[in-house]
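1. Need coordinates for the below:
(2 chains)
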Amino acid sequence: MPRKKILPLPGGSEWSFESIEAYDEAIGRIVRNYGLECYPHQLEIISTEQMMDAYASIGMPVYYHHWSFGKQFLATESRYKRGQMGLAYEIVINSDPCIAYLMEENTLPMQALVIAHAAYGHNSFFKGNHLFRQWTSANAIIDYLVFARNFIAECEERHGQEAVERLLDACHALMNLGVDRYKRAPKLSLVREQARQREREDYLQAQVNELWRTLPPQPGKDGGSDEKRFPKEPEENVLYFIEKNAPLLEPWQREVIRIVRKIAQYFHPQRQTQVMNEGWATFWHYTLLNTLYDEGRVSDGFMFEFLQSHTNVVYQPPYNSKWYSSINPYALGFNMWRDLRRICEAPAAEDREWFPEIAGSDWRATFNFAMQNFKDESFVAQYLSPRLMREFRFFTVVDDDASPKLRVGPIHDDQGYQVLRQRLSDQYNLGSREPNIQVWNMDTRGDRALTLRYFSYQRRPLHGDFTDVLDHVAYLWGFPVKLEEQTPAGEVNRLGERRP
Amino acid sequence: MIRIVDRRFDSKNKSSVNRGRFIRRFKNQIKKAVADTIDRSGIRDLAEGKRIGIPGRDIAEPQFSTGQGGVREQVLPGNDRFNTGETFDRPSGQNGGRGSKASPDGEGLDDFVFTLTRDEFLEIFFEELALPNLLKRHLASITEFKRVRAGYSQSGVPTNINLIRTMRGAAGRRIAVGAPQQSRMLELEAELARLLLACGEGDPEVKRVRQEITRLRARISAVPFIDSFDLRYNNHVRIAQPTTQAVMFCLMDISGSMDEQKKNIAKRFFTLLYLFLNRSYEHIDVVFIRHHTVAEEVDEENFFHSRETGGTVVSSALKLMRKVIDQRYASGLWNIYGAQASDGDNWLEDSALCYELLHAQILGLTQFFAYIEIAEDTPQNLWEEYERVQSANPGVFAMRRIKTVTDIYPVFHELFKKRV
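-> Reported below is the predicted structural model:
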């Protein structure tokens, strides 16, 4: 095959549209050689201020208005101006086409890094990973956000900004309890959304009325026994339950709840795949830019600048460092993907024992399988190798408030690997990171009170400000709201009650 | 092909709506923080944007989360000494740095700290305040005019000829006037060529055509290259320019009885006035006049940080003020404000003179004159004379007594309250 003559890419630190295009094309070619599948993408050049804007609205180009985003913006701006934080040099939006932002202040090597990291790395993860495929519709999200913003603006006009703001405050408080973890979400679409919104209003209201009418209040009776509970099974999606069943909400309020819920659902996969996703993008920018270097298309200076920021990103301070805050998802993810490639390409005896099915396999095939079918929790449980546990020098600490001292659990040794890996995997399980609170009952015959139940785990108590959240729930529900705690042993304690 | 979109120039300030909402929602907390900030800052640096902090708990967005306690198992990196089964004491430093310790610049660490722009800052601070008589004087003082371009005219002086417009018009005219001849010319030339081919030179038809061509040429060249009719002149009009400049006189007693604390109070008051005027005027001059028995004009540094001994003659400062107005600010283009701070001591015979000076010579020129007396004991004769000034000049002169720093803001508020 005749080799095309390879020209060096533009050097220097100043970028131009032509040089960005040249880099994008060069990186894209390598991406195709590696067989990475991506959505088409679009690069957008933005200013620092616009980057802070994007920060404030969780990276989305369109979002409804709310004071909390203003707070976010002010906080970011203040920290940035004080030099306490650099802005992340990339934000990428899971949409089709995938949108990646490039900040105008970045140097050319940084722009190349962002293109490789976001426009190709994250992009291919969004397209391949099952969670994103199942739960988000990349082609409709921007349209949906436009719909949401317009709808909420319209509500503000009709019902007053204050009422809408109050409602959004309450919804935001329950945002994390507004996702379906197991059920499949229907796809979003702007046209259908608008067409159906009115229909849904009428239908929903009818449903709610029905529910409350067929069960007329009977003051003498206590409706608390287990057989007559509604819902029959505890409902994990509290916002959904309120949207469908709260007695007093107006149709537009139900729609706003739905919007918050939908957006929470959209972001849910990102929260479940942080290590994998960031690791994947970091692995690819590292691999792609190194390939460029090996082909002789970029200079040593370019590589120095790139490696300097790359090593900053993947640095993991040890537990006793003053820089330590938690396990760096970039570091863990990047090293796991690298390690996975090593296991495929040059497995040691240990790896053959631990990973018989992938040791020595084709790394691209193994990568695709892992990227498509896992989330952080299962990815760690499946692929974290003993070698990496040793490299990170992982150890577990058991903090039991019933005992006066801390105890060291499994560490990076032969006896420890299995359990240690399981512990780390648990750490990425959203179910164990966030309190498990579900709708337990609504009193359809008595005072219409709603009962939420906190299923506690390992004797962990709820944080003290739960009453503030209960106030928000009571506002949405319109009637008293009770919160109970159920221990694994089945004991039930009353935690609190709030009235609207 | 890759799409690169340059977004740098569109939708700036996308967050300004959200930012505005945030500020409106926490108005009360922000107001308090703004007042605190004013107390801590110097006179001119307040005109910039300001960092302020409001209590973090007020703006928290609560969510269910787990609290301290129970059993927790955590995986940590960087093991340097531990073996399975070992036990050790809880590190005591945990969460130690999180208390609500105040940082050096007065912000609690738990505070939510952010920067207000200068406009937002002043807007909040001076909410519900208005300059007395601003509107009336403002309209009355339209005396300055500015020349601005206003299109083109057909008459004017030669220096104002607009060449491009003129030449463009001339070219258009030449084309329009010459067009019939030009097209006739083309026809004739074509005919001439045809005749030359058919009949050759010497034919009478050829001669006729040649003659006609010559005639046409003459007519075309008779169209003037430029006509007086084509001339266009740049046009200017004079428009009234409302004056947006002000001068603020700060008068302060620095005699022995004015101690640092009293001067500090005065400084705050001057600061407030300066900021307040800053909102209404583009340009502000500040004149500092200090006095004991004689008055002198000084710079800001000397104004606030010098102390003399001896008696007090207030009228000396008023005389100097009048003199400075006459020398520098007499044009009528200036909105003049006066602020005087004193502890009320004055040489007995001088107070009546002060009344005369203010009433007859100064108040007629100023928009507003505010007098604050920083004293705890009973008012002296200067106060009494000034009360006469006030009753004789309602709306232009105001006076208040201040005891402590905390009185300043209420007093200021009262002085400049919007009168509906």
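
2. Just name whatever secondary elements the helix or strand containing residue A:29 is in contact with.
-> Using DSSP states H and E, residue A:29 sits in helix A:17-34. In this structure, helix A:17-34 makes packing contacts with helix A:108-114, helix A:274-294, strand B:3-6, judged by 3 or more C-beta pairs under 8 Å, 6 or more residues apart in numbering or on different chains; DSSP states H and E. All C-beta spots, glycine's among them, are computed from the backbone N, C-alpha and C.

3. Backbone dihedrals for the closest residue to chain B within chain A, please?
-> Nearest to chain B, among the residues of chain A, is residue A:318, at 2.3 Å (C-beta to the nearest C-beta). Reported as degrees, to the nearest 10, the phi and psi values for residue A:318 are phi -70, psi 160.

4. One more: residue A:405?
-> According to degrees, to the nearest 10, residue A:405 has phi -120, psi 160.

5. That one: what's it in contact with?
-> Applying C-beta atoms under 8 Å, 6 or more residues apart in numbering or on different chains to residue A:405 gives the contacts B:87-90.

6. Now do the helix or strand hosting residue A:43: which elements does it pack against?
-> For residue A:43, the host element (DSSP H and E) is strand A:41-46. Counting contacts by 3+ C-beta pairs under 8 Å, 6+ apart, strand A:41-46 packs against strand A:98-103, strand B:3-6.

7. all strands for the stretch 251-400 of chain B, in order.
-> Remark: strands assigned in the stretch 251-400 of chain B by DSSP state E, counting those that start in this stretch are B:283-291, B:295-298, B:335-342, B:368-374, B:397-402.

8. Tell me which of those strands sits nearest to chain A.
-> Of the strands of the stretch 251-400 of chain B, nearest to chain A by C-beta to the nearest C-beta is strand B:283-291, at 27.4 Å.

9. for that closest one, packing partners?
-> If contacts are counted by 3+ C-beta pairs under 8 Å, 6+ apart, strand B:283-291 sits against strand B:245-253, helix B:260-280, strand B:295-298, helix B:300-304, helix B:314-328.

10. quick check, stretch B:69-80 touching chain A?
-> Yes. Stretch B:69-80 is in contact with chain A by C-beta under 8 Å from any C-beta of the partner chain, via B:69-80.

11. and that stretch, how far out from the chain's middle?
-> Taking C-alpha atoms, centre = their mean, to the nearest Å, the mean C-alpha location of stretch B:69-80 is offset from the chain mean by 56 Å.

12. try stretch A:44-62
-> Worked out by C-alpha atoms, centre = their mean, stretch A:44-62 lies 18 Å from the chain centre.

13. circling back to that earlier point, only the buried residues of the helix holding residue A:29, if you could.
-> By 16 or more other C-beta atoms under 10 Å in any protein chain shown, the buried positions in helix A:17-34 come out as A:19-24, A:26-28, A:30-31.

14. Pull the residues that contact that helix.
-> A:9-10, A:38, A:43, A:102, A:108, A:111-112, A:115-116, A:119-120, A:124, A:284, A:287-289, A:291-292, A:297, A:364, B:2, B:4, B:6.

15. give me that answer again for 7 Å
-> By C-beta atoms under 7 Å, 6 or more residues apart in numbering or on different chains, the residues outside helix A:17-34 that reach it are A:9-10, A:38, A:43, A:108, A:111-112, A:115-116, A:120, A:288, A:291-292, A:297, A:364, B:2, B:4.

16. Repeat that for stretch A:67-79.
-> With C-beta under 7 Å, 6+ apart as the test, stretch A:67-79 has contacts from A:52-53, A:55-57, A:63, A:85, A:165, A:172, B:15, B:18-19, B:21-22, B:25, B:51, B:59, B:61, B:112-115.

17. Filter these down to the buried ones and express that as a PyMOL selection.
-> Buried residues among these (16+ other C-beta under 10 Å), as a PyMOL selection:
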select buried, (chain A and resi 52+53+55+56+57+63+165+172) or (chain B and resi 15+18+19+21+22+25+59+112+113+114+115)
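
18. Let's see the pLDDT reported for residue B:260.
-> We have a pLDDT of 77 for residue B:260.

19. got it, and the one 10 residues further on?
-> Listed pLDDT for residue B:270 reads 84.

20. Give me the phi and psi for residue B:235.
-> The phi/psi pair for residue B:235 (degrees, to the nearest 10) reads phi -110, psi 140.

21. And it, how far from chain A?
-> 40 Å (C-beta to the nearest C-beta, to the nearest Å).

22. Show me what the residue lying closest to that residue once chain neighbours are set aside bridges to in the sheet.
-> Leaving out its chain neighbours, the residue that sits closest to residue B:235 by C-beta to C-beta, 6 or more residues apart in numbering or on different chains is residue B:153, at 4.2 Å. Residue B:153 has these beta-bridge partners by DSSP bridges: residue B:233.
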